[in-house]
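Enquirer: give me the fold of what follows.
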Amino acid sequence: MGRAGIRDHYAFASEVIGVPVSSLAALWPEEAVAVQNALAEHVVLAALQAEVAA
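Expert: Numbering: from 1, shown residues only. Predicted coordinates:
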């Protein structure tokens, strides 16, 4: 997440799954997949924005 520019990993995960997150390792598999998918979407959108800005 740090490489994607997300500084607060727990806040990002909390926003994605809708509950407070204090440990990424403690996420249920379904929650972890949701966070991974949201991260992938974030990375793609950031890349598109950078491409448009260039």
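Enquirer: longest helix in the protein, by residue count?
Expert: In the chain, with assignment by DSSP state H, the single longest helix is helix 29-53.
Enquirer: show me the contact partners of that one.
Expert: By CB atoms under 8 Å, 6 or more residues apart in numbering, the surrounding residues in contact with helix 29-53 are M1, A4, G5, I6, F12, A13, V16, I17, L24, L27. Where you see a C-beta, it was placed from the backbone N, CA and C, and this is true even at glycine.
Enquirer: how many neighbouring residues does the first one have?
Expert: The tally of other residues near M1 (other CB atoms under 10 Å) stands at 16.
Enquirer: likewise the third one?
Expert: Neighbouring residues of G5 were enumerated by other CB under 10 Å; the total is 9.
Enquirer: how deep is I17 tucked in, by neighbour count?
Expert: 17.
Enquirer: now the two most distant members of the contacts of helix 29-53.
Expert: Longest distance between any two of the contacts of helix 29-53 is 20.8 Å, between G5 and L27; criterion CB to CB.
Enquirer: related to what we said a few turns ago, of the contacts of helix 29-53 - the most surrounded one?
Expert: A13 (25 neighbours).
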